[in-house]
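Trainee: sequence and predicted structure below; questions after.
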Amino acid sequence: MIFTDDTEEALRSAVWLVNSAEDPETLADLADYEGFLTEFPYTGRIDRDEAELASLQALRPRLRAMLLASRDDMVIRVNDALDESTLTPHLVRHDDTDWHLHAVADDNPLAERVLIETAMALIDVIRADEGSRITVCDDDTCEALALDLSRNRSKRYCSATCANRNAVAAYRARRSEA
């Protein structure tokens, strides 16, 4: 494990949200939103309405900029996010998750909690100087983010689809050269 479980989960959630804006849109309606909540079961206030969905959709460009920023720029973006919110840090344990930090109250809007959880996760990324683990997919036709949490830093693609497409293309290129 590179980071703590809550840091990895916050990074996965943020990357999922950012990538949901890529074509085809995968956070287009409330059904898609329910899928996000199933994949990333946030605790606290969840309204499950169009306004909350719209606030998450609007957050995606900001998350993308935070995640892809250089280390020094990431610090600025994290600090800006933290400055915008009233922080009420407290340790919590719920469901199958051991003690971890919630930086804002559970009744704050979900988009704000996602932003702050992402900022808190990026603090760990910054401190460990591991920003290179968050990149744009290596597929030339894809702009989605790839999050590499592997020990050997081998993840280059955002999904198995992009990885497979490139493996097939490389195989065909080798075959045509032979």
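Mentor: Cool, the structure landed. Residues are numbered from 1 along each chain as shown.
Trainee: which residue ranges form the strands in this protein?
Mentor: 90-94, 97-102, 134-136, 145-147 (DSSP state E).
Trainee: in the protein, where is pLDDT below threshold?
Mentor: By pLDDT under 70, the low-scoring segments of the chain are 1.
Trainee: hey, C-alpha coordinates of stretch 22-33 in PDB?
Mentor: These are the backbone C-alpha positions of stretch 22-33, laid out as PDB (Å, rounded to 0.1, in the frame of the first residue of the first chain):
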ATOM      1  CA  GLU A  22     -14.900  12.100 -20.700                       C
ATOM      2  CA  ASP A  23     -16.800  10.900 -23.700                       C
ATOM      3  CA  PRO A  24     -19.100   9.000 -23.200                       C
ATOM      4  CA  GLU A  25     -20.300  10.900 -20.100                       C
ATOM      5  CA  THR A  26     -20.800   8.500 -17.200                       C
ATOM      6  CA  LEU A  27     -22.300  10.900 -14.700                       C
ATOM      7  CA  ALA A  28     -25.100  12.200 -16.800                       C
ATOM      8  CA  ASP A  29     -28.200  11.500 -14.700                       C
ATOM      9  CA  LEU A  30     -29.400  10.300 -11.300                       C
ATOM     10  CA  ALA A  31     -29.000   6.700 -12.300                       C
ATOM     11  CA  ASP A  32     -25.300   7.300 -13.000                       C
ATOM     12  CA  TYR A  33     -25.000   9.200  -9.800                       C
END
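Trainee: quick check: the gap between the nearest residue to residue 61 once chain neighbours are set aside and residue 151.
Mentor: Among residues not flanking residue 61 along the chain, residue 21 sits closest, at 7.6 Å (CB to CB, 6 or more residues apart in numbering). For glycine as for every other residue, the C-beta is placed from the backbone atoms N, C-alpha and C. Separation of residue 21 from residue 151 (CB to CB, to the nearest Å): 29 Å.
Trainee: so between the two, which is more surrounded?
Mentor: Each of residue 21 and residue 151 has its neighbours counted (other CB atoms under 10 Å); residue 21 has more, 17 against 8.
Trainee: that one against residue 60, yeah?
Mentor: Yes - using CB atoms under 8 Å, residue 21 is in contact with residue 60, at 4.7 Å.
Trainee: possible to save the strands of the chain as a markdown table with distance to residue 4 and mean neighbour count?
Mentor: As requested, the strands of the chain are arranged in a markdown table below (distance: least, CB to CB, whole Å; neighbours: other CB atoms under 10 Å):
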| stretch | distance to residue 4 | mean neighbour count |
| --- | --- | --- |
| strand 90-94 | 13 | 11 |
| strand 97-102 | 7 | 14 |
| strand 134-136 | 16 | 18 |
| strand 145-147 | 15 | 21 |
